[in-house]
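> Okay, sequence plus prediction incoming.
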Amino acid sequence: MAGKVLWTVDGLNDSIGLQTLFKDASFSIHEDERVALIGRNGSGKSTMLRIISGDYSPTSGEITVARGCVISFMQQAPPDGYEGKTVAEFVREGLSRFQEVLKEYENLNPSSAKHAELEHFLTSHDAWDPEQKLNQVFSKLELHEPSKKCGELSGGNMRRVMLARAIIAEPDLLLLDEPTNHLDAETVAAIEEFLASYRGACLFVTHDRCFLDRIATRIVELDNGSFFTCEGSYADFLAAKEEREYREDVAEQKRLAFLRREIEWVRRAPKARLKRNEGRLKRYEDIAAIKAPERIGNMELIIPEATQLGNRTVSLKNISKSLGGKCLVKDFSFEFEAGQRVGIVGRNGAGKTTLLKMMTGQLEPDSGTVEIAPTVEFNYIDQSRVKLNPENTVRQEIAPDGDTVQFNGASIGVYGYLKRFLFEDERINTQVKLISGGERARLALAKILRIRGNFMILDEPANDLDIPTLRVLEESLLSYNGILAVVSHDRYFLNRVCTHIIAIEEDGFVFSDVGDYDSYEAKRKARLAAKKAESLPKEQKAAPPKPKQQTKLSYKEERELEALENSIPETEEAISELENKFSDPDFFAKHGAEIKELQQELDVKKAELEKLYARWEELEAKKESFQK
């Protein structure tokens, strides 16, 4: 585990109503880590972030925070009163840490030890000019309108502003709750690039599996009140989880087999013999008291079989559309065919929903034609989630006039139908306004999937769905035999599901091709590179690459390279020993008085290792260049 422990908790317990969120759980985060916290909706992920930030106190738990550790928290929603503030005013609030230190520094005696300490702090954080830091953050996150009111920003731009306020204080630990929600792929890519080079530790909650793979160094799942950790990618996590659950199942089978054998002994044994075998009886009682592994079932999502489609379905012929003086779609043609699963992508505001409305006949194009065959039956799940009535109960939304649902040509009970979507009895009779965002998303799916059609349209289906539910939805869509058109910014979802991509790019240009999102992105980059090459001056295009100078290593450099190959492992071993000390759960008790010295020693060793590697790579490159 890299770096010192920044925050840790042991014996964490908390619940909301009848739901237990944490059961005697332990969790810690270390310096330089980027940890993804995942789990089902309602499992307690956002509550955990609030506990770490200090905004919420659990029922019990021993929390330890490293001395001087600064924590910043970007929540899912902006704080109250943000609308009237300008972008600059809102982000500047995150600079209070440096402004307070500057003020204290200016009022101290220049000869005092505290004065020197604060001077070092301000220099190391480059915080002598807070306004300069403000401009640097604006540049990194591409915030170009600092005087604009926050209430006038789009959802995506407001999330950039919230991130700017969270990171401008350069916290030791950055907490992010769904940082990519409702953001387009290009904005997410910009945030990924920023976080990949962020110097502090980061703990984030996300359902975006591509974001998770590119940023996280460790994945932690919150499941049934406990934390399970895995280093590596999302695929590594899935494999580790499968292995863990397999071991739990084997242990449970052995436990049940033992109890079956022992219960027969207990029944047959006379009382006098039982007294002589109290130890065996006690062991039986202890093992009988062990709870079986708790598992939350997966949603059973069954999509009705598509009705028959003809040879012609939906045909877009040279359609164009402008709104508010902006050209969204220009001269675009596309033929939908049975079996296609088409992903529709583009920046926020590019015109994706407008294209859907033209496809379904809800909106007329300015030019061109949309032909919809009479056999086409649309199922359209839009961003407003099928207009759920907040005053209705979950049951009333599905079966307003009875206790049965017509599904795939048959009548089934509404309770049985809703349990397929993980609604328990008490939630089935709960008003829609009182259920979570994830539950509302599942209810919308349950409502629309009763309807049998042959052209399904999903507008941002991944929003508010947890990862296990997304996986079930993906599996169901892969077997759908009608036409699917899906608007999504979830790259992992698009890669798993789609056979075609329609991308709305700049100035109304719409690109379409066979393949998944990664295939589209590779082609887009190739087109941009070709376009850039075409714009270069002729002499720059024709200029041949400069030949590399090949120089043999000198005798001294050969000896230096050999010494480096010994020095690097020794330095790595020294760093590992120090990091093991910091990782010790009793670290603060054992080494509390020498934290500063140990941290300085670790920093020196890490800087030394970085220099050794840099020099080793330089000499190796020179050696390989000569050998080619």
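Looks like it arrived, so ask away. Residues are numbered from 1 along each chain as shown.
> any idea how far residue 468 is from residue 236?
Going from residue 468 to residue 236 by C-beta to C-beta, to the nearest Å gives 17 Å. Just so you know, the C-beta spots here come from the backbone N, C-alpha and C atoms, and that holds for glycine as well.
> Looking at the two, which one has more neighbours?
residue 468 (19 against 13; other C-beta atoms under 10 Å).
> which residues of the stretch 101-250 of the chain fall in strands?
173-177, 201-205, 218-223, 226-231 (DSSP state E, counting those that start in this stretch).
> Residue 47: which of those strands is closest?
strand 218-223 (9.4 Å; C-beta to C-beta).
> got a pLDDT number for residue 12?
Residue 12 carries a pLDDT value of 95.
> for the one 4 residues further on, same thing?
Among the per-residue scores, residue 16 holds a pLDDT of 80.
> In TSV: the strands of the stretch 101-250 of the chain, plus distance to residue 411.
Formatted as TSV, the strands of the stretch 101-250 of the chain follow (distance: least, C-beta to C-beta, whole Å):
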stretch	distance to residue 411
strand 173-177	42
strand 201-205	40
strand 218-223	36
strand 226-231	41
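> Mind putting those strands into CSV with distance to residue 81, mean neighbour count and mean pLDDT?
Formatted as CSV, the strands of the stretch 101-250 of the chain follow (distance: least, C-beta to C-beta, whole Å; neighbours: other C-beta atoms under 10 Å; pLDDT from 0 to 100):
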stretch, distance to residue 81, mean neighbour count, mean pLDDT
strand 173-177, 19, 25, 93
strand 201-205, 24, 24, 92
strand 218-223, 31, 21, 92
strand 226-231, 35, 16, 91
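> Can you check which of those gets nearest to residue 490?
strand 201-205 (15.3 Å).
> helices and strands around the closest one, which ones?
Strand 201-205 sits against strand 19-30, strand 34-38, helix 45-53, strand 173-177, with contacts defined as 3 or more C-beta pairs under 8 Å, 6 or more residues apart in numbering; DSSP states H and E.
> could you redo the last one with a cut-off of 10 Å?
strand 5-16, strand 19-30, strand 34-38, helix 45-53, strand 71-74, strand 173-177, helix 209-215, strand 218-223 (3 or more C-beta pairs under 10 Å, 6 or more residues apart in numbering; DSSP states H and E).
> what are the C-alpha coordinates of that strand, in CSV please?
The C-alpha coordinates for strand 201-205 follow below in CSV (Å, rounded to 0.1, in the frame of the first residue of the first chain):
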residue,chain,number,x,y,z
ALA,A,201,-5.2,11.0,-2.7
CYS,A,202,-8.7,10.6,-4.2
LEU,A,203,-11.7,8.6,-3.2
PHE,A,204,-14.6,8.6,-5.7
VAL,A,205,-18.0,7.0,-6.1
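> how distant is it from the center of its chain?
Centre-to-centre, strand 201-205 and its host chain are 9 Å apart (C-alpha atoms, centre = their mean, to the nearest Å).
> so it versus strand 173-177, what angle?
Our comparison of strand 201-205 with strand 173-177, counting by axes from the mean of the first three to the mean of the last three C-alpha atoms, to 10 degrees, yields an angle of 10 degrees.
> one step back: could you dump the helices and strands packed on strand 201-205 to a markdown table with distance to residue 427?
Output for the helices and strands packed on strand 201-205, formatted as a markdown table (distance: least, C-beta to C-beta, whole Å):
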| stretch | distance to residue 427 |
| --- | --- |
| strand 5-16 | 14 |
| strand 19-30 | 11 |
| strand 34-38 | 22 |
| helix 45-53 | 19 |
| strand 71-74 | 29 |
| strand 173-177 | 23 |
| helix 209-215 | 27 |
| strand 218-223 | 19 |
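> Excluding covalently adjacent residues, which one is nearest to residue 262?
By the measure of C-beta to C-beta, 6 or more residues apart in numbering, the closest residue to residue 262 outside its immediate chain neighbours is residue 284, 4.6 Å from it.
> for this protein, which residue is closest to the average position?
Most central in the chain under C-alpha atoms, centre = their mean is residue 206, positioned 2.4 Å from the mean C-alpha point.
> Pull the contacting residues for that residue.
36-38, 45, 176-181, 188, 212, 215-216, 467 (C-beta atoms under 10 Å, 6 or more residues apart in numbering).
> which one of these sits closest to residue 65?
Looking across the contacts of residue 206 and measuring by C-beta to C-beta, the closest to residue 65 is residue 37, at 17.8 Å.
> got a list of what that closest one touches?
27, 29, 43-46, 48-49, 52, 175-177, 203-206, 216, 218-222, 227.
> what about the strands in the stretch 451-600 of the chain?
Using DSSP E, counting those that start in this stretch, strands in the stretch 451-600 of the chain cover 455-459, 483-487, 500-504, 510-514.
> In TSV, list those along with mean neighbour count and distance to residue 104.
As requested, the strands of the stretch 451-600 of the chain are exported to TSV (neighbours: other C-beta atoms under 10 Å; distance: least, C-beta to C-beta, whole Å):
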stretch	mean neighbour count	distance to residue 104
strand 455-459	23	52
strand 483-487	24	51
strand 500-504	22	52
strand 510-514	15	56
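> if you average pLDDT over each of the ones you listed, which comes out lowest?
strand 455-459 (a mean of 88).
> Each with direction, which strands does it pair with?
strand 378-381 (parallel), strand 483-487 (parallel) (DSSP bridges).
> Wait, a strand at residue 608?
No: note on residue 608: no strand contains this position according to DSSP: H, G, I helix; E, B strand; the rest coil, which reports helix.
> Would you mind confirming that it is in contact with residue 564?
No: checked against C-beta atoms under 10 Å, the pair residue 608 and residue 564 is beyond contact range at 11.6 Å.
> okay, residue 353: pLDDT?
On the pLDDT scale, residue 353 gets 87.
> just for the stretch 351-500 of the chain, where's the confidence low?
For the stretch 351-500 of the chain, the stretches with pLDDT under 70 are 381-386, 437.
> If we use 80, what do you get?
For the stretch 351-500 of the chain, the stretches flagged by pLDDT under 80 are 381-387, 401-402, 406-410, 422, 424-426, 436-441, 445, 448-452, 461-465.
> same question, the stretch 151-300 of the chain
154-156, 181-184, 186-187, 190, 194, 197, 199, 262-286, 288-300.
> returning to that earlier point: save the strands paired with strand 455-459 as TSV, and put in distance to residue 7 too.
Output for the strands paired with strand 455-459, formatted as TSV (distance: least, C-beta to C-beta, whole Å):
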stretch	distance to residue 7
strand 378-381	40
strand 483-487	38
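> Nearest approach to residue 314 belongs to which of the ones you listed?
Per C-beta to C-beta, nearest to residue 314 of these: strand 483-487, 7.6 Å.
> now do the same end-to-end measure for stretch 425-439.
Taking C-alpha to C-alpha, to the nearest Å, the first and last residues of stretch 425-439 lie 14 Å apart.
> cool, and stretch 460-470?
12 Å.
> Run the chain-centre distance for that stretch.
11 Å.
> now stretch 303-317
Centre to centre, stretch against its chain (C-alpha atoms, centre = their mean), the figure for stretch 303-317 is 34 Å.
> tell me the angle the longest helix anywhere in the chain makes with strand 218-223.
Of all segments of type helix in the chain, defined using DSSP state H, the longest is helix 234-268. Angle, helix 234-268 to strand 218-223, by the same axes, to 10 degrees: 40 degrees.
> Helix 234-268 versus strand 226-231: what angle between them?
Using the same axes, to 10 degrees: helix 234-268 against strand 226-231 is 140 degrees.
> Which elements pack onto helix 234-268?
strand 34-38, helix 209-215, strand 218-223, strand 226-231, helix 271-276, helix 278-289, helix 467-478.
> Generate JSON lines for these, with distance to residue 624 as supplementary columns.
Listed next are the helices and strands packed on helix 234-268 as JSON lines, based on distance: least, C-beta to C-beta, whole Å:
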{"stretch": "strand 34-38", "distance to residue 624": "32"}
{"stretch": "helix 209-215", "distance to residue 624": "29"}
{"stretch": "strand 218-223", "distance to residue 624": "34"}
{"stretch": "strand 226-231", "distance to residue 624": "31"}
{"stretch": "helix 271-276", "distance to residue 624": "77"}
{"stretch": "helix 278-289", "distance to residue 624": "61"}
{"stretch": "helix 467-478", "distance to residue 624": "43"}
